[in-house]
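>>> Need the 3D shape of this:
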Amino acid sequence: MADTSTVPDTTGPDTTAPDTTAPDTGTPVWRSHGRTRRSTRTVRVRVSAGIVAAVALAVLVVPLLVPLDQQAVDLARKLQAPSLAHPFGTDDVGRDLLLRCVYGLRVSLLVGLVAALVATVIGTAVGAAAAAFGGWTDRIVMRLVDTFSSVPHLLLGIFIVAMFRPGVWPVIVSVALTHWLSTARIVRSEVLSLRARPYIDAAISGGASRRRVIGRHLLPGVMPQAGLAAVLMVPHAMWHESALSFLGLGLPSHQASLGNLVQTARGSLLAGDWWPTLFPGLFLIVPTLALAGLAGAWRERINPRRRSELML
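Next up is the predicted model:
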């Protein structure tokens, strides 16, 4: 008779712990995280681009399609809550708030774009000249930049606007004259970096004039950084226009701008009517976030180190 005392019992339940080890896919964790970052960045860029496109379409098309005068006053409709007839409600004199917001965004965006362009041109020219000439020119220019940078932009803008009558161009001038400083610093730093490149030394050794070196080799090299500074400056300029208008020093009170809309809605907010303040604020915040998203993608694209990190 065979001895079965050492034969294992295979009829009972299997108590062996299951193998929970994840299968090896051959993809390192750090590469998977890199793909996630790239996917998130792509979504952010697409959403930001969609918002910017929608804003551009709204400010160009809506005033042509909506047959409602933005200045039409109807006291019988004043401070109506959002409805199908008026999606954003009406203001304190019965004007449609949606159309007022679109017109206000149009004016604020115009001020931001023109002021950013002027400030970028001034900052690029000053920064490139300071770095290219060097010596006392660089020292004097950068001391002036440091001096003006120590004064708050809004305070300096108030001083400039106070010398003129309220209007679009005084606001543009004040914003441009207070926002070129950061661009000058960026461009100067970039030009100093480019001056150390071998092809710059070769151009100088070949007899190229200083003007030719600046125009042919240095300025094209700083255009991506200057363009990025301009994109970042647009929402900043819009906020400064809104702040000046809110303080009563910017655009005339009868002209629709986001700052004026918020300023005139203060009394309504205290009375419990939230929509005259909320929607102009959203029209200012949402484009700002969208432009910041596009600027972030641009920065990653022109920064080789950051781009290599995203490729991991």
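
>>> How much space separates Met223 from Trp169?
27 Å (Cβ to Cβ, to the nearest Å). C-beta: built from backbone N, CA, C; applies to glycine.

>>> what's the answer for Leu64, then?
Using Cβ to Cβ, Leu64 is found at 25 Å from Trp169.

>>> cool, and His86?
Separation of His86 from Trp169 (Cβ to Cβ): 33 Å.

>>> Which parts of this protein are helices?
Listed in chain order, the helices of the chain (DSSP state H) span 29-65, 97-133, 135-149, 153-161, 168-195, 198-205, 210-213, 219-246, 258-264, 266-270, 275-302, 304-310.

>>> Leu75 is nearest to which of the ones you listed?
Leu75 sits nearest to helix 266-270 of all the helices of the chain, at 14.1 Å, using Cβ to Cβ.

>>> just to revisit the earlier point, show me which of Leu64 and Trp169 is the more surrounded one.
Trp169 (11 against 7; other Cβ atoms under 10 Å).

>>> Least confident secondary structure element in the protein?
Using mean pLDDT, DSSP states H and E, helix 304-310 stands out as the lowest-scoring helix or strand of the chain, at a mean of 47.

>>> for the nearest residue in space to Leu109 that is not next to it in sequence, what are its contacts?
Distance criterion Cβ to Cβ, 6 or more residues apart in numbering; nearest residue to Leu109, sequence neighbours excluded, is Val59 at 6.2 Å. Counting by Cβ atoms under 8 Å, 6 or more residues apart in numbering, Val59 touches 102, 105-106, 109.

>>> how near is Val59 to Leu258?
12 Å.

>>> Report the set of residues contacting both of those two.
With contacts defined as Cβ under 8 Å, 6+ apart, the residues shared by Val59 and Leu258 are Leu105.

>>> what sits against Phe133?
Phe133 is in contact with Arg210, counting by Cβ under 8 Å, 6+ apart.

>>> now swap in Glu190 and tell me
221-222, 225.

>>> 6 Å - rerun?
222, 225 (Cβ atoms under 6 Å, 6 or more residues apart in numbering).

>>> how many neighbours does the closest residue to Tyr103 other than its chain neighbours have?
Closest residue in space to Tyr103, ignoring its immediate chain neighbours: Ala256 at 4.1 Å, by Cβ to Cβ, 6+ apart. For Ala256, the neighbour count with other Cβ under 10 Å is 22.

>>> if we can go back for a sec, are any of the contacts of Val59 buried, and which?
Of the members of the contacts of Val59, the ones counted as buried by neighbours, 16 or more other Cβ atoms under 10 Å, are 102, 105-106, 109.

>>> which of the residues you listed sit farthest apart?
Val102 and Leu109 (10.4 Å).

>>> Quick check: chain neighbours aside, which residue is closest to Val231?
Val231's closest residue in space is Ala295 (Cβ to Cβ, 6+ apart), at 4.6 Å.

>>> burial of the one you found, as a residue count?
The number of residues packed near Ala295 is 20, by other Cβ under 10 Å.

>>> Please tell me the pLDDT value assigned to Gly26.
At Gly26, the predicted lDDT confidence score is 51.

>>> do Leu291 as well
With respect to pLDDT, Leu291 has a value of 86.

>>> repeat for Ile140
Reported pLDDT for Ile140: 91.

>>> what do you get for Gln70?
Note for Gln70: predicted pLDDT of 55.

>>> residues contacting the closest residue to Glu241 other than its chain neighbours?
If you skip the residues right next to it in sequence, Glu241 has Val111 as its closest partner in space, 4.5 Å away by Cβ to Cβ, 6+ apart. Val111 makes contact with 171-172, 241, according to Cβ under 6 Å, 6+ apart.

>>> 8 Å - rerun?
Applying Cβ under 8 Å, 6+ apart, the residues near Val111 are 168, 171-172, 175, 237-238, 241, 257.
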